[in-house]
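Chemist: Fold the following, please.
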Amino acid sequence: MVYSFLKVPFFRWEKLHNEKQGHALTIKEEFQPKADSLKKIQDDYRSFIQISQELAVIGDLTESLETDLQELPNEEENKTEYHPREYFDLKFVKRIDKIIKAALTECNFPNLTTAHFNISSFDVEVNGHVKQNFNGQGYTSFLNSIVAMSFRQYLSEYAVYDQGLLIIDTPLLGLDQGVSDVSPESMRASLYKYFANHQECGQVILLDNITNVPDVDLASTGANIITFTKGLDNGRYGFLDITD
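Modeler: Prediction:
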């Protein structure tokens with residue numbers, strides 16, 4: 001009787017244990033995947049609600065911006081046209097004319113009588129003629145250099161903001177070609193002397209072929225002369241100091 005009394009509870013416990021394992025397996029294989037799927041649906045729904053709210057905010061912002069754009073004034077009606085030549089008054093013309101004529105005189109420009117800066121063409125006229133009417137490209141380059149130096153002096157004397165730097169490439173390009181009635185050598189030498197004698201207005205950097213530079217003692221005026229050797233001699237290779 002004792003043996004029978006002890007054995008019945010054991011079988012009962014074993015049955016309950018097996019049922020527990022079966023339920024656990026059912027939960028793992030059937031219910032847990034469904035629970036995970038429901039949780040994902042719930043998370044997706046929350047994301048959908050959040051995105052919907054953000055889209056609503058963006059929509060309100062877009063509508064507000066469109067309203068602001070509609071209230072902006074018409075640019076075509078209120079646009080102020082900029083005419084830079086209107087800022088160069090008679091006082092400027094008188095000053096720049098005086099500077100240009102003094103520069104041309106110092107540079108021995110032949111048969112000089114008048115020099116005028118035409119605001120309409122925004123270029124110099126000498127003796128009543130535009131620079132294109134003079135002989136060859138050389139005079140054009142020469143006059144361009146004179147105008148650049150004159151503006152440099154004007155800015156130094158009158159401008160609120162003066163950059164203090166002028167770079168001129170081949171200031172005498174072509175001056176030794178197509179000239180029959182005057183000696184270009186005197187003008188070429190005078191222009192380089194003019195560069196050297198007017199250092200008070202800031203730095204001037206000249207780029208020129210050594211064969212075109214007149215025989216003027218620039219070093220004695222404090223000019224820094226740099227010769228590009230292209231590797232044929234000691235010194236700087238070129239504008240970019242490289243050898244590769």
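Chemist: From now on I want contacts and neighbour counts done on CA atoms only, so please keep to that.
Modeler: Will do.
Chemist: Number of residues surrounding residue 141?
Modeler: Using other CA atoms under 10 Å, residue 141 has 20 other residues around it.
Chemist: Where does it fall, secondary structure wise?
Modeler: helix 136-158 (DSSP states H and E).
Chemist: and what of residue 194?
Modeler: Per DSSP H and E, residue 194 falls inside helix 184-197.
Chemist: relative to helix 136-158, how tilted is that helix?
Modeler: If you take axes from the mean of the first three to the mean of the last three CA atoms, to 10 degrees, helix 184-197 sits at 20 degrees to helix 136-158.
Chemist: buried residues in helix 184-197?
Modeler: 184, 187, 188, 189, 190, 191, 192, 193, 194, 195, 196 (16 or more other CA atoms under 10 Å).
Chemist: Show me which of those residues is closest to residue 232.
Modeler: Closest approach to residue 232 among the buried residues of helix 184-197 (CA to CA): residue 192, at 26.6 Å.
Chemist: And that closest one, how far from residue 109?
Modeler: Separation of residue 192 from residue 109 (CA to CA, to the nearest Å): 13 Å.
Chemist: and if you look at residue 96?
Modeler: As defined by CA to CA, residue 96 lies at a distance of 17 Å from residue 109.
Chemist: residue closest to the middle of the chain?
Modeler: In the chain, the centroid-proximal residue (CA atoms, centre = their mean) is residue 163; its distance is 17.0 Å.
Chemist: On the three-state scheme, it is what?
Modeler: Under DSSP: H, G, I helix; E, B strand; the rest coil, residue 163 falls in the coil class.
Chemist: Repeat that for residue 174.
Modeler: With three-state DSSP as the basis, residue 174 sits in coil.
Chemist: Leaving out chain neighbours, which residue sits closest to it?
Modeler: The spatial neighbour of residue 174 that comes closest, neighbours along the chain excluded (CA to CA, 6 or more residues apart in numbering), is residue 138 at 4.1 Å.
Chemist: neighbours around that neighbour, how many?
Modeler: With other CA under 10 Å as criterion, residue 138 counts 20.
Chemist: what's the neighbour count on residue 154?
Modeler: Neighbour count for residue 154, taken as other CA under 10 Å: 18.
Chemist: For it, list the residues it contacts.
Modeler: Residues near residue 154 by CA atoms under 8 Å, 6 or more residues apart in numbering: 95, 96, 99.
Chemist: repeat that for 10 Å
Modeler: Contacts for residue 154 (CA atoms under 10 Å, 6 or more residues apart in numbering) come out as 92, 95, 96, 99, 100, 148, 162, 201.
Chemist: any chance you could map the strands in this structure?
Modeler: Using DSSP state E, the strands assigned to the chain run over residues 115-118, 123-126, 129-130, 165-169, 203-207.
Chemist: now the ones you listed as TSV including mean pLDDT, distance to residue 158 and mean neighbour count?
Modeler: Output for the strands of the chain, formatted as TSV (pLDDT from 0 to 100; distance: least, CA to CA, whole Å; neighbours: other CA atoms under 10 Å):
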stretch	mean pLDDT	distance to residue 158	mean neighbour count
strand 115-118	94	17	20
strand 123-126	94	20	19
strand 129-130	90	26	14
strand 165-169	93	15	14
strand 203-207	92	17	15
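Chemist: can you list these in TSV and add distance to residue 235?
Modeler: Shown next, in TSV, are the strands of the chain (distance: least, CA to CA, whole Å):
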stretch	distance to residue 235
strand 115-118	42
strand 123-126	39
strand 129-130	42
strand 165-169	21
strand 203-207	16
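Chemist: Alright, I will stop here.
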